[in-house]
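S.K.: quick check, what structure comes out for this input:
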Amino acid sequence: MDVVDQLRKLRAEIEKHDHRYYVLDDPLVSDAEYDRLFRELQALEAAHPELVTHDSPTQRVGGKPLDSFRPVRHVVQMLSIRTETDTEATGAYAFDARVRNLLGLGDGNPPVEYAAELKFDGLAINLRYEAGVLVCAVTRGDGETGEDVTENVRTVNQVPLRLRADNPPDVLEVRGEIYMKRADFERFNARALSRGEKTLVNPRNGAAGSIRQLDSRVAATRPLSFFAYGLGETKGWDVPPTHSDVLDALVAFGLPVCGERAVLSGPEALAAFHARIGERRGQLPFDIDGVVYKVNSRALQQELGFVSREPRWAVAHKYPAEEATTEVLGIDVQVGRTGALTPVARLAPVFVGGVTVTNATLHNEDEVRRKDVHVGDTVVVRRAGDVIPEVVRALPEKRPILAPEFVMPVTCPVCGSHIVRAEDEAVARCSGGLYCPAQRKQALLHFASRRAMDIEGLGDKLVEQLVDNDLVHTPADLYRLDRSTLANLERMAEKSADNLLAAIEKSKQTTLARFIFALGIRNVGEATAKDLARHFCSLERVLAASEEALLEVADIGPVVAQYLRQFLDEPHNIEVIKQLRAAGVAWPEGEPQPVGGPLTGKTFVLTGTLPSLSREQAKALIEAAGGKVSGSVSKKTDYVVAGAEAGSKLEKAVSLNLNVIDEAQFRSLVDH
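M.R.: Numbering: from 1, shown residues only. Coordinates of the predicted model:
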């Protein structure tokens with residue numbers, strides 16, 4: 001037997017044992033015998049590296065780390081499934097009623113046949129097989145474009161590298177879920193703890209994070225599993241007539257399909273399936289957060305079609321969130337990226353929703369009062385899927401004597417700035433936006449954004465490094481960076497450092513409106529920043545303006561005026577502004593601001609794609625002519641400029657009987 005035949009025979013035998021072990025859970029040989037076969041294949045391939053193929057079992061171990069994931073456009077969109085919010089049995093009846101209504105089926109017609117499956121809690125994936133060989137694996141992404149994670153998915157033993165078929169389809173795209181079994185998750189974390197390594201948060205995050213590792217060798221160490229549940233593009237294959245037949249065909253191809261599925265007729269059977277699985281949910285070896293109903297006939301699926309990028313022929317019927325009781329050990333206050341203060345209950349550890357929970361959000365001060373949560377209380381905690389755990393309610397009958405009430409601090413626990421809260425808002429916020437370490441990354445990203453100071457090249461990852469390495473504390477520190485500091489950062493060579501420094505230097509010459517917007521003052525967007533610049537014409541006059549003076553600016557109301565004054569009354573913020581000016585950030589003083597024009601006083605909304613103008617170009621024309629651009633349609637909108645593929649904004653404009661114009665009519669107004 002020549003080497004090629006030896007390799008083919010060994011690979012086929014190992015693939016057979018992989019399928020029996022990982023997919024069927026019914027091994028034919030001992031671990032020792034399997035290891036002997038695998039070592040024999042490795043030795044043969046090492047002696048003949050030119051004969052190694054991508055679909056060889058030895059190629060599951062991971063390879064060279066990637067710099068980034070390549071975007072891949074889905075040939076067939078990976079659509080999300082509508083969620084039935086009614087977690088009771090009536091949810092199944094509501095779905096069946098919609099289907100029957102859309103199909104025009106009356107009471108005299110037979111019940112609709114459905115395929116019922118589990119809704120897995122993992123990461124959706126698209127596997128592309130060409131001539132039976134796995135060539136690409138792509139995440140869902142936004143449904144149209146995902147990320148190429150092929151090297152990581154190759155490490156998942158349940159994903160066949162080659163289909164079990166003598167005459168496989170020319171193209172077969174299989175949709176499914178990468179997930180992690182609970183037992184595998186616990187074993188992995190136990191090993192990680194024993195080695196002093198970082199543990200995984202929960203099975204879902206473990207699966208998603210593993211597949212999005214740039215180093216596939218890391219993914220190869222993670223205990224991942226896979227279930228197939230649908231199709232993408234197919235070529236050269238007579239697709240079976242029903243969804244259940246499709247799943248049977250995938251099983252025949254060697255793909256794992258969950259056995260907890262059924263073909264059912266009518267809503268009563270769907271509701272019973274939902275209840276039956278719900279009772280056994282805790283005994284399943286993996287996490288689910290609901291079941292999925294699909295019209296079984298593919299012909300009827302095609303007839304029903306889609307709406308809002310969701311199939312009308314399928315629905316996810318979820319289960320109620322899982323709850324548990326535990327003790328509140330304390331209540332801390334966390335400061336978010338935007339300055340929002342959130343009370344967080346520190347809990348005695350409790351297992352709920354598939355993870356051990358030690359913290360749960362209390363949302364805001366009003367919620368703490370409404371739920372009457374005290375330190376020392378016994379509380380009910382809820383967690384559903386990937387949602388942050390929350391305290392549902394306190395059990396006052398179990399409250400200890402003298403259990404202290406929660407008191408919201410008056411100064412930021414991170415930076416010491418004053419806490420402010422608008423009358424019409426539930427959320428309290430830190431006023432030290434340019435200074436507060438908790439808001440540092442968000443403040444820098446906003447400051448550098450294209451419509452603010454427009455510092456090209458200063459993105460998320462670089463800001464993370466600058467802040468985490470304690471190099472930048474406020475936006476003013478950006479103008480103190482030097483070449484050697486930047487060049488020493490990860491993925492930053494001297495050329496990249498020079499480009500960023502040039503962009504920072506260029507940003508010093510700006511406009512007053514851009515500078516005001518870049519400060520990140522709450523509720524002060526581009527339009528308001530332009531109104532302020534137009535009204536006051538100098539930064540000094542803006543800084544000195546009272547709330548009454550700010551209210552004289554067009555379209556500034558009491559809430560925005562209050563936020564502005566609170567921000568500008570914070571000494572930390574004023575100090576950063578002074579440092580920015582000292583660093584050379586400047587604009588033409590008394591710069592001309594358009595105070596009139598053919599569109600003065602008119603509000604426009606842009607929707608769809610215009611023939612020759614980009615959204616930004618159209619917006620610039622409107623503002624230059626004295627008009628304003630709004631992001632939403634209301635009765636106060638004067639004109640809606642609609643282009644190709646205009647969506648809900650156009651529909652609302654028509655319903656409100658507003659002026660809807662095209663690009664030609666718009667240009668006529670501007671040039672009038």
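S.K.: look at residue 669 and report its pLDDT.
M.R.: Looking at residue 669, its pLDDT reads 88.
S.K.: surely it meets residue 626?
M.R.: No. Residue 669 is not in contact with residue 626 according to C-beta atoms under 8 Å; the separation is 11.3 Å. The C-beta positions use only the backbone N, C-alpha and C, and glycine is treated the same way.
S.K.: and these two? which has more neighbours close in?
M.R.: Taking other C-beta atoms under 10 Å, residue 669 and residue 626 do not tie; residue 669 has more neighbours (20 against 15).
S.K.: helix, strand or coil for the more buried one?
M.R.: Under DSSP: H, G, I helix; E, B strand; the rest coil, residue 669 falls in the helix class.
S.K.: list the contacts for it?
M.R.: 598, 599, 625, 639, 661 (C-beta atoms under 8 Å, 6 or more residues apart in numbering).
S.K.: what do residue 669 and residue 626 both touch?
M.R.: 598, 599.
S.K.: how about the contacts of residue 669 in a markdown table, adding secondary structure?
M.R.: Formatted as a markdown table, the contacts of residue 669 follow (three-state DSSP):
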| residue | secondary structure |
| --- | --- |
| 598 | coil |
| 599 | coil |
| 625 | coil |
| 639 | strand |
| 661 | strand |
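S.K.: so which of those residues comes closest to residue 304?
M.R.: Distance to residue 304 across the contacts of residue 669 (C-beta to C-beta) is lowest for residue 661, with 35.9 Å.
S.K.: how much space between that closest one and residue 668?
M.R.: 9 Å (C-beta to C-beta, to the nearest Å).
S.K.: of these two, which one has the most company?
M.R.: Legend: neighbour count by other C-beta under 10 Å for residue 661 and residue 668, higher for residue 661 (16 against 11).
S.K.: that one and residue 622, how far apart?
M.R.: Distance from residue 661 to residue 622, by C-beta to C-beta: 12 Å.
S.K.: now residue 92
M.R.: Residue 92 is 50 Å from residue 622, by C-beta to C-beta.
S.K.: go on, residue 352?
M.R.: Residue 352 is 52 Å from residue 622, by C-beta to C-beta.
S.K.: and if you look at residue 423?
M.R.: Counting by C-beta to C-beta, the gap from residue 423 to residue 622 is 33 Å.
S.K.: these two: which is more packed in?
M.R.: Remark: of residue 423 and residue 622, residue 622 carries more neighbours, 23 against 7, as counted by other C-beta under 10 Å.
S.K.: my guess is the more buried one contacts residue 630. True?
M.R.: No. Using C-beta under 8 Å, residue 622 makes no contact with residue 630, being 10.3 Å away.
S.K.: common neighbours of the two, please.
M.R.: In contact with both residue 622 and residue 630: residue 604, using C-beta under 8 Å, 6+ apart.
S.K.: give me the secondary structure label for the residue nearest to residue 83 when sequence neighbours are not counted.
M.R.: Leaving aside its sequence neighbours, residue 83 sits nearest to residue 316 (C-beta to C-beta, 6 or more residues apart in numbering; 4.8 Å). Following three-state DSSP, we place residue 316 in the strand state.
S.K.: buried sites along whichever helix or strand residue 234 is part of?
M.R.: In this assignment (DSSP states H and E), residue 234 forms part of strand 225-235. Within strand 225-235, the residues scored as buried using 16 or more other C-beta atoms under 10 Å are 225, 226, 227, 228, 229, 230, 231, 232, 234.
S.K.: other SSEs contacting the least confident helix or strand in the chain by mean pLDDT?
M.R.: Every helix and strand of the chain was ranked by mean pLDDT, DSSP states H and E. The lowest is helix 31-47, at a mean of 72. Judged by 3 or more C-beta pairs under 8 Å, 6 or more residues apart in numbering; DSSP states H and E, helix 31-47 is in contact with helix 3-18.
S.K.: buried ones in the helix it packs on?
M.R.: 7, 10, 11, 13, 14, 15, 17, 18.
S.K.: and the fifth one, how far is that from residue 41?
M.R.: What that stands for is residue 14. Relative to residue 41, residue 14 is positioned 6 Å away (C-beta to C-beta).
S.K.: list only buried entries from the contacts of residue 669.
M.R.: 599, 625, 639, 661.
S.K.: just those residues now: which is nearest residue 188?
M.R.: For those, the nearest to residue 188 is residue 639 (58.2 Å; C-beta to C-beta).
S.K.: if that closest one is in a bridge, with which residues?
M.R.: residue 604, residue 659 (DSSP bridges).
S.K.: would you check that it makes contact with residue 601?
M.R.: No. The criterion here is C-beta under 8 Å, and residue 639 misses it with residue 601 at 11.9 Å.
S.K.: for the stretch 301-450 of the chain, which segments count as strands?
M.R.: Along the stretch 301-450 of the chain, counting by DSSP state E, counting those that start in this stretch, strands occupy 306-307, 310-311, 314-318, 322-335, 341-352, 355-361, 378-383, 390-394, 419-420, 429-430.
S.K.: least reliable of these by average pLDDT, please.
M.R.: Looking over those, mean pLDDT reaches its minimum on strand 306-307, with a mean of 81.
S.K.: contact partners of that one?
M.R.: 79, 312.
S.K.: in its sheet, what does it sit against?
M.R.: strand 310-311 (antiparallel).
S.K.: how distant is the partner strand from the center of its chain?
M.R.: Taking C-alpha atoms, centre = their mean, to the nearest Å, the mean C-alpha location of strand 310-311 is offset from the chain mean by 19 Å.
S.K.: what's in contact with that strand?
M.R.: Contacts for strand 310-311 (C-beta under 8 Å, 6+ apart): 79, 80, 81, 82, 301, 304, 305.
S.K.: if any of those are buried, put those into a PyMOL selection.
M.R.: Buried residues among the contacts of strand 310-311 (16+ other C-beta under 10 Å), as a PyMOL selection:
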select buried, resi 79+81+82+301+304
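S.K.: would you turn the contacts of strand 310-311 into JSON lines with pLDDT and distance to residue 141?
M.R.: JSON lines is the format used below for the contacts of strand 310-311 (pLDDT from 0 to 100; distance: C-beta to C-beta, whole Å):
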{"residue": "79", "pLDDT": "81", "distance to residue 141": "12"}
{"residue": "80", "pLDDT": "82", "distance to residue 141": "11"}
{"residue": "81", "pLDDT": "86", "distance to residue 141": "16"}
{"residue": "82", "pLDDT": "83", "distance to residue 141": "19"}
{"residue": "301", "pLDDT": "92", "distance to residue 141": "23"}
{"residue": "304", "pLDDT": "90", "distance to residue 141": "25"}
{"residue": "305", "pLDDT": "89", "distance to residue 141": "23"}
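S.K.: among the contacts of strand 310-311, which lie within helices?
M.R.: Cross-referencing the contacts of strand 310-311 against helices under DSSP state H gives 301, 304.
S.K.: re the thing from before, dump the least confident helix or strand of the chain to PDB, restricted to CA.
M.R.: Only the C-alpha atoms of helix 31-47 are listed here, as PDB (Å, rounded to 0.1, in the frame of the first residue of the first chain):
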ATOM      1  CA  ASP A  31      -8.700   5.900  24.100                       C
ATOM      2  CA  ALA A  32      -5.300   4.100  23.900                       C
ATOM      3  CA  GLU A  33      -6.200   2.600  20.500                       C
ATOM      4  CA  TYR A  34      -7.400   5.900  19.200                       C
ATOM      5  CA  ASP A  35      -4.200   7.600  20.400                       C
ATOM      6  CA  ARG A  36      -2.200   4.900  18.600                       C
ATOM      7  CA  LEU A  37      -4.000   5.600  15.300                       C
ATOM      8  CA  PHE A  38      -3.600   9.400  15.700                       C
ATOM      9  CA  ARG A  39       0.100   9.100  16.400                       C
ATOM     10  CA  GLU A  40       0.600   6.900  13.400                       C
ATOM     11  CA  LEU A  41      -1.100   9.500  11.200                       C
ATOM     12  CA  GLN A  42       1.000  12.300  12.700                       C
ATOM     13  CA  ALA A  43       4.200  10.400  12.000                       C
ATOM     14  CA  LEU A  44       3.200   9.700   8.500                       C
ATOM     15  CA  GLU A  45       2.300  13.300   7.800                       C
ATOM     16  CA  ALA A  46       5.500  14.500   9.400                       C
ATOM     17  CA  ALA A  47       7.500  12.300   7.000                       C
END
